[in-house]
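1. predicted model and sequence below, questions to follow.
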Amino acid sequence: MIKTSLLSAIFVLACLALRAQDSLGLSQTVSFRNAVSNNLGVRFSAVFSFSPKENTVGSPYLYPEWGRLWIDSMDNKPVARSVVYDANIDLEKNMVIVKGGDGKAYVPEVNNVQAFHFRKGEEENAFVAMQLDGANKFVEQLAGGKYRLVKEAKVTFHPADFVDKGMVQSGKNYDEYKRTYTYYLVKGQVPVKVSLRRKQFLDALGNDPAAQAAARKFLADYHGPFDETAARLTIEAVNK
């Protein structure tokens, strides 16, 4: 039986029941009627569809529709058995969005959540809380262990700027969300920005000869480009 007190500190909605399903597949209704005393509050979101708007390229959301979310760590303790929610994340605002039992989208308080993961079809994305640039943010964890590889997504909105001056035309006639990523290698709780360039990436392991040796050994047999996949596999090899 999942303790509602464990979950009430995360998703606080007075008098709202969320339809959920636990990790063993048992359908249940999780009520937060008694959670109002925590005074955590909830902001409401006007999001009803995650699909790109007309005449818009890209999206600020992780998925084009609802995914499934599991809580992995809260209050610095692992969650052995999480309730599963329909959810998504707004990467532009770094904001978790959950689907209520009324079908509407809500933005819960997640200040004491350290880790969660999504699944959507065959895709799985894990997120962890981390202090970056003086702010607490959720970043995607690509590899975990002694060394962790995470990436921070930044989404910027670029409005249409098409200009037609007769013989001369410039700009684009559509809005666009553009994503850029910053990668960090984390040991303990200290994130170090890394480049997806082989030499610079190896240099980030320079203070750990054993880790650097393991990385070099793996890369000696790896023949693909040094991209995000190569970086993730390298850290997984280092952590073995």
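-> All right, it came through fine.

2. buried sites along stretch 183-195?
-> 183-187, 191, 194 (16 or more other CB atoms under 10 Å). Any C-beta I mention is one placed from the backbone N, CA and C, and that applies to glycine too.

3. among those residues, show me the least confident.
-> In terms of pLDDT, residue 187 ranks lowest among the buried residues of stretch 183-195, with 91.

4. for that one, give me its contacts.
-> If you count contacts by CB atoms under 8 Å, 6 or more residues apart in numbering, residue 187 has them with 146-148.

5. what's opposite it in the beta bridge?
-> residue 147, residue 190 (DSSP bridges).

6. and the contacts of residue 187, which is closest to residue 240?
-> residue 146 (10.0 Å; CB to CB).

7. what sits against the closest residue in space to that closest one that isn't next to it in sequence?
-> With CB to CB, 6 or more residues apart in numbering as the criterion, residue 146 has its nearest non-adjacent residue at 5.5 Å, and that residue is residue 239. With contact set as CB under 8 Å, 6+ apart, residue 239 has these partners: 143-147.

8. also residue 232?
-> Going by CB under 8 Å, 6+ apart, residue 232 touches 142-143, 149.

9. which SSE is it in?
-> Using DSSP states H and E, residue 232 sits within helix 228-238.

10. for residue 193, same thing?
-> Residue 193 belongs to strand 190-194, assigned by DSSP H and E.

11. what's the spacing between the next helix or strand after that strand and its chain's center?
-> Downstream of strand 190-194, the next assigned helix or strand under DSSP H and E is helix 198-203. Here helix 198-203 is found 25 Å from its chain centre; the criterion is CA atoms, centre = their mean, to the nearest Å.

12. helix or strand right after helix 198-203?
-> With elements assigned by DSSP H and E, the helix or strand that comes after helix 198-203 is helix 209-220.
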